[in-house]
Structures are given as structure tokens and as C-alpha cells.
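> Pasting a predicted model and its sequence here:
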Amino acid sequence: MRILDNDELALQWGKIEPKVKVALDRGQGESTTYDLFLECLNNVSQCWVHEDAVAITRIITFNQYKQLQIVTATSNDWFKDGYDCLKVFEQFAKDIGCRNISLWGRPGWKRILKDYEEPYTILIKEL
């Protein structure tokens, strides 16, 4: 996994965007692909690629503590590639001084991500 710089992101977005959209379609509509593209261009988020895997991460700060959020991740075989990708994200987070890493995903992820905790449930209600 490696982070794309802005020039690479702009050149590759046509291939990346459909993959990001598939992952976002399983969410609650918190972000659009365009939102994430702009966040990456403005260095708010990072776009990672490796072979067919694509991920978007975001660094946020709570009080003085930084956290790396995995916003979306997709691959043709995430169950094969995912652990290696997560290790890269975890090292990146440590290197930049993050206190923790968070992953918002579908409930089935907790069955395979045994070393992650589920400290709370996120509930969303549309009005």
C-alpha cells in the first residue's frame, strides 16, 4: 500500500472512484466519492493503493490525540489482502503519532478482525 500524491490521484481517479463508490454504497451516505476526492486533494484524507486494493484514510484529532480513521477500503479479495493493508495503516498511524486507529464497517468485519475491539455501536437515524 502506498499513498497517492495529488497528481497521481487526479490521473488515477477514473479507475479508483468506482471501487470507492462500491464501498460507500454499503454505508449510510456519510460521504460521496467526490467528497473523498476533494479531501484527498486538500490533504485532509489519504488515498492508498496496492494492486487492486484502494483505501481512504483520514487523520482526525480529539483534544490533543490523533486517530487514523479508515474511511473506506475495498479490494477484489479483501479477506486475502486486508490484514497486510491494516498492518501498513497501523504502522503509518504509529509513525505520525496517532493514539489509535478506527474502522467503521459492516457488522461482519468483527468476525474476522479479532484484534479490534467494538467499544460502542454507532446508531444513525434519518429524519
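Thanks, I have the structure now.

> and residue 61, what does it touch?
By CB atoms under 8 Å, 6 or more residues apart in numbering, the contact set of residue 61 is residue 67. For the C-beta atoms, the positions are set from N, CA and C on the backbone; glycine is no exception.

> Can you list phi and psi of it for me?
Residue 61 adopts backbone torsions of phi -130, psi 130, taken as degrees, to the nearest 10.

> does it have beta-bridge partners, and which?
Residue 61 forms beta bridges with residue 66, as assigned by DSSP bridges.

> If I look at it, what pLDDT would I see?
pLDDT for residue 61: 89.

> List the contacts of residue 41.
Neighbouring residues of residue 41 by CB under 8 Å, 6+ apart: 6, 9, 10.

> repeat that for 10 Å
By CB atoms under 10 Å, 6 or more residues apart in numbering, the contact set of residue 41 is 6, 9, 10, 13, 47.

> For the residues you listed, pick the one with the most neighbours.
Highest neighbour count within these, by other CB atoms under 10 Å: residue 47, with 26 neighbours.

> right, and it touches residue 4 too?
Yes - between residue 47 and residue 4 there is a contact under CB atoms under 10 Å: 4.8 Å.

> any residues in contact with both of these two?
12, 13, 16, 40, 54.

> So for the first one, what's the nearest residue that isn't a sequence neighbour?
In this structure, residue 12 finds its nearest non-sequential neighbour in residue 4, 6.5 Å apart by CB to CB, 6 or more residues apart in numbering.

> What of residue 88?
residue 1 (4.3 Å).

> same deal with residue 73?
residue 55 (4.0 Å).

> can you confirm the one you found is in a helix?
No - according to DSSP: H, G, I helix; E, B strand; the rest coil, residue 55 belongs to no helix; its state is strand.
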